[in-house]
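> Below are the sequence and a predicted model for it; my questions follow.
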Amino acid sequence: MSNLNLHLKVWRQNAGQPGHFQDIEAPEIPDHASFLEMMDIVNERLISKGQEPVAFDHDCREGICGACSMQINGVPHGPEKATTTCQLHMRKFRTGDTIWVEPFRAKAFPVIKDLVVDRGAFDRIQQAGGFVSVRTGAPQDANALPIGKETADAAMDAAECIGCGACVAACKNASAMLFVSAKAGQLNLLPQGQPEKDRRTLGMVRQMDKEGFGNCTNQYECEAACPKEISVRWITKLNRDYAVAAVKETFGNSRKEAGGGD
Amino acid sequence: MSAVFDSLSRFYASSIGKKILVALTGLVLIGFVLGHMIGNLLIFVGRDAINEYGHMLQTALHGGGVWIARLGLLACVLIHVVATVSLTKASRAARPDAYGRHKAQVSSTASRTMIWSGLTILAFVVYHLLHFTAHVGNDYATYKTTLHGEAVHDVYRMVIAGFSWAPASIFYLIAMALLCSHLSHGFSSLFQTLGISTDKTEPVFKKAGYAFAGLIFAGNAAIVLSIWLFGYGS
């Protein structure tokens, strides 16, 4: 075990006000600390000096909740592939390194404070169709609905998305297509998702546009940055599902309202 | 009726809808640049070959064919440009505050400069049409030759004269390099937007896109270079 002496450039901002980078020295950081633990140490020192600690999002600290974010040296969740910020170890850095720490930047992710951004836009996209409507009550018998192993595995791959927003942060257009495609795709692939497939696809894509995310230009920076390695093939599927749903909506029969009877 | 138009305008208003239109019009334009290059390469077959080809284009469907093609291509260019400019503006607005440090991990420079290569190609197309189609600022329209006993436009002489002037040749070469860059991303990208790419076909589309971009550059640059630098036809 050894200690690292680091120079941090950390984004400081209060909601609605312009932000700036603050130079913070971080000497004697143990290399077995995680990135968030390093931030904890930095904050302890700031507090003991009577200064404002750096606000950042965190929760489970085991890479599955999607709370932690941060653009580290220009890459969401830092330089390690398929790793969230909380799982990133300081031994991946060298003593003397300058580390840039910024919030995920997008109009749809307004800064709340410092490194904390409001990712509520993702929740609203989910509410626009990222679910299946099921009856409540006793569960169905297991295996009553046969699903191929390959299909089940693929749906699980998409379901790995933790909704952290790294895809938006990495995209030069701040597009949310990888997130939306994973959330829509995992349900659109399964039999349970079929009844609401078109409505889901149109609803989620329209909400995505409404939130002010940018437009995908097929450069796959999102896939490279995703801590869960969600494939851009989900975006291919979303494009296809959207085209089909839009054609049906445009040229298909209009929905008839059920009559009340007399 | 209006329900259909409402839905169509909703489709165009959506991000994916616009992208699908960009991909479909891009596909038409890819077909066009290939056909255009193959036709132009007839200049290496000889004077009569390219003049006969030019005459055929002018007189197909009693002269209507060329206008059908022109209007179709104009519509494609308009949709392609208007939709991409609107998409790009929305994407810029989606990140109002730039990163202090931003690192691209996998995207190519060509893919990150599509709007600039595209708009330069648009400017080039305007120049190209003024140069060789509308004959603005030159007397190419008066170039005539006899083919099968008929007086036809001398395309061969026009092209040789056009590329004997260095500034035109240089602009054409720059435009072709940017077209090559544009195609290197656009070709494989359209299959993703149309929802066709798979893990197995994506690498094939990618390589085919590079090969196609290289082919279009090589074919068109060969015409310019052989006339301008090597004096072909003069």
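Now that the structure is in, tell me what you want to look at.

> For the residue positioned nearest the centre of chain B, give me the backbone phi and psi.
Compute the mean C-alpha point of chain B, and by Cα atoms, centre = their mean the closest residue is residue B:33, 5.1 Å away. Dihedral pair for residue B:33: phi -60, psi -30, per degrees, to the nearest 10.

> Local confidence estimate at residue 18?
All of this refers to chain A. The model reports residue A:18 with a pLDDT of 95.

> Sorry, I should have been clearer: chain B.
97.

> With residue A:143 instead?
81.

> Give the helix, strand or coil label for the residue lying closest to residue A:96 once chain neighbours are set aside.
Using Cβ to Cβ, 6 or more residues apart in numbering or on different chains and skipping residues adjacent in sequence, the residue nearest residue A:96 is residue A:5, 6.4 Å away. Every C-beta, even on glycine, is put in place using the N, C-alpha and C of the backbone. Under DSSP: H, G, I helix; E, B strand; the rest coil, the three-state class of residue A:5 is strand.

> For burial, what's the neighbour tally of residue A:5?
By the measure other Cβ atoms under 10 Å in any protein chain shown, the count of residues near residue A:5 is 13.

> Residue A:28 is in contact with that one, correct?
Yes: because the distance of 6.8 Å satisfies Cβ atoms under 8 Å, residue A:5 is recorded as touching residue A:28.

> what about residue 30, neighbour count?
No chain was given, so I picked chain A. Other residues lying near residue A:30 total 14 when counted by other Cβ under 10 Å.

> Correction: the question concerned chain B.
18.

> near chain B, which residues of the stretch 51-200 of chain A?
Taking Cβ under 8 Å from any Cβ of the partner chain as the contact definition, the stretch 51-200 of chain A meets chain B at A:71, A:73-75, A:100, A:102, A:105-108, A:170, A:172-175.

> so which strand or helix has the residue in chain B positioned nearest to chain A?
Nearest residue of chain B to chain A (Cβ to the nearest Cβ) works out as residue B:195 at 2.7 Å. For residue B:195, there is no host helix or strand (DSSP states H and E).

> I figured it was touching residue A:236, is that so?
Yes: shown here, residue B:195 and residue A:236 form a contact pair, counting by Cβ under 8 Å, at 5.3 Å.

> between the two, who's got more neighbours?
residue A:236 (24 against 19).

> roughly how far apart are that one and chain B?
5 Å (Cβ to the nearest Cβ, to the nearest Å).

> Secondary structure class of that residue, three-state.
Here residue A:236 is helix, with the state taken from three-state DSSP.

> now do residue A:174
Assignment for residue A:174 (three-state DSSP): coil.

> Show me what the helix or strand where residue B:35 lies packs onto, helices and strands only.
Residue B:35 belongs to helix B:15-40 when assigned by DSSP H and E. With contacts taken as 3 or more Cβ pairs under 8 Å, 6 or more residues apart in numbering or on different chains; DSSP states H and E, helix B:15-40 sits against helix A:197-210, helix A:233-251, helix B:2-13, helix B:47-59, helix B:65-93, helix B:166-193, helix B:202-228.

> got these as TSV, with distance to residue A:143 and mean pLDDT columns?
TSV is the format used below for the helices and strands packed on helix B:15-40 (distance: least, Cβ to Cβ, whole Å; pLDDT from 0 to 100):
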stretch	distance to residue A:143	mean pLDDT
helix A:197-210	23	97
helix A:233-251	26	96
helix B:2-13	40	86
helix B:47-59	64	95
helix B:65-93	45	97
helix B:166-193	36	97
helix B:202-228	34	97
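
> got the ones you listed as TSV, with distance to residue A:121 columns?
Below are the helices and strands packed on helix B:15-40 laid out as TSV (distance: least, Cβ to Cβ, whole Å):
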stretch	distance to residue A:121
helix A:197-210	8
helix A:233-251	17
helix B:2-13	19
helix B:47-59	52
helix B:65-93	15
helix B:166-193	23
helix B:202-228	29
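
> list the contacts for residue B:18?
A:215, B:12, B:83, B:86-87 (Cβ atoms under 8 Å, 6 or more residues apart in numbering or on different chains).

> on that earlier part again, these two touch, right, the residue nearest to the centre of chain B and residue B:179?
Yes: between residue B:33 and residue B:179 there is a contact under Cβ under 8 Å: 7.1 Å.

> Overlap of the contact sets of the two?
With contacts defined as Cβ under 8 Å, 6+ apart, the residues adjacent to both residue B:33 and residue B:179 are residue B:216.

> Quick check: most distant residue from the centroid of chain B.
Going by Cα atoms, centre = their mean, the residue of chain B most distant from its centre is residue B:100, 36.2 Å out.

> now that one: how far from residue A:22?
Distance from residue B:100 to residue A:22, counting by Cβ to Cβ, to the nearest Å: 11 Å.
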